[in-house]
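Enquirer: what would the 3D arrangement of this be:
(one chain, ligands or ions: 1)
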Amino acid sequence: MKEFRPRAIVIHGGSGNVDMTDPYDAYNLKTKLEALAKIVRNGWEELSAGKTSLDVVTNTIVRLEDAEPFNAGYGSSIGIDAKGKPLVALDASIMIKEGDIYRFGGVTGITNMQNPILVARAVLDQQPNILHGEGANDLAAKIAKQYKKPILDNKDLMTEFKWHKFQEFQEQQKESTEGGTVGVVVFDGTRLVAGTSTGGITGKLHGRTGDSCIPGAGTFADTIGGASATGFGEAIMIYGSTRKAIELLKEGLTPQEAADAVAAELRDSYNGNGGIIIANNEGEIGVATNTNHMPNAYMTNNMSDPVVRAK
Ligand code: ASP
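Expert: Next up, the predicted model:
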């Protein structure tokens, strides 16, 4: 008889320092929590219906990218192009370990469609790698056609909220710290998969690549656990937040202990704002951030309703 393994899904909507006295930020956080509550249920239903962790992570991230309040897909943070004009450029990745083989699909600098995770998934399925620039956008155009998604004009990815943040950045060089990157980790009883998607950071330089599409930084999955990180990408890449989290699981820490340790070390040793979500192969969850907010939600077999929290 096959051993019973509990299933689990955990999702985050980005680590950040939300200024609750700013009505824009407070409203944005509220809408993120509403969206997470709905989307975690959609993911759980798929998982309960027998979909694989690869499909549940992909589909859940698509829903998060399509939702307006997150810094992923539609509604992403606005950076600049080579001429200093506003540009949304998207990074995403997805990872699984099957048998002895790690498979990773990553994309960076997607500018023409709303769902970079679908492109990352195609990379994972076809030729595990990280694609950037023209190659990534060419594949994105093919994937858009395959999934009947529109090829977008870049400004169609911009929302009023993110335009407001971009203007604040331009006027005051005030960095946007409200977060909004998305990440999902799923254990379907057999395999762990982690994925992450982001528009990066407001005002980011043309061509910047963040942690979200880098294995071991924004996303990592092994047979013991999977993790998605969010926050200041430059520090997360140097530290290797998700890789570290999985090493801590191998040393015997619980997912919650590993998440707490990673969030603290990112702050203390790397001066990095950020957080992480983790699921292990027992269906246990860990969630931690060193910022004042990281909206998140999770659901496992032994729960009747999902947990949805602002931190
Ligand atoms: N880690 C993302 C990046 O640096 C941003 C975030 O998670 O808020 O691109």
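
Enquirer: what helices or strands is the helix or strand bottoming out on mean pLDDT in the chain leaning on?
Expert: Counting by mean pLDDT, DSSP states H and E, the chain has its least confident helix or strand at helix 160-172, which shows a mean of 89. With contacts taken as 3 or more C-beta pairs under 8 Å, 6 or more residues apart in numbering; DSSP states H and E, helix 160-172 sits against helix 23-48. Any C-beta I mention is one placed from the backbone N, CA and C, and that applies to glycine too.

Enquirer: tell me the mean pLDDT for the helix it packs on?
Expert: Across helix 23-48, the average pLDDT comes to 95.

Enquirer: in it, what's buried?
Expert: 25, 28-29, 31-33, 35-36, 39-41, 43-44, 46-47 (16 or more other C-beta atoms under 10 Å).

Enquirer: next one: it to chain centre, how far?
Expert: 14 Å (C-alpha atoms, centre = their mean, to the nearest Å).

Enquirer: what residues does the least confident helix or strand of the chain touch?
Expert: Residues from elsewhere that reach helix 160-172 (C-beta atoms under 8 Å, 6 or more residues apart in numbering): 24, 28, 68-69, 71, 75-78, 86, 174-176, 178, 199, 202-203.

Enquirer: let's see it at 10 Å
Expert: Around helix 160-172, the neighbours that count as contacts under C-beta atoms under 10 Å, 6 or more residues apart in numbering are 22, 24-25, 27-28, 31, 68-69, 71, 74-80, 84, 86, 88, 155, 158-159, 174-178, 180, 199, 201-204.

Enquirer: stretch 133-150 now?
Expert: 62, 66, 89-92, 106-123, 126, 129-131, 151-152, 156, 207, 213.

Enquirer: for the closest residue in space to Glu178 that isn't next to it in sequence, what are its contacts?
Expert: In space, and not counting its chain neighbours, Glu178 is closest to Gly16: 4.6 Å by C-beta to C-beta, 6 or more residues apart in numbering. Listed by C-beta under 10 Å, 6+ apart, the contact partners of Gly16 are 25, 28-29, 71, 176-181, 230-232, 273-275, 289, 291-295.
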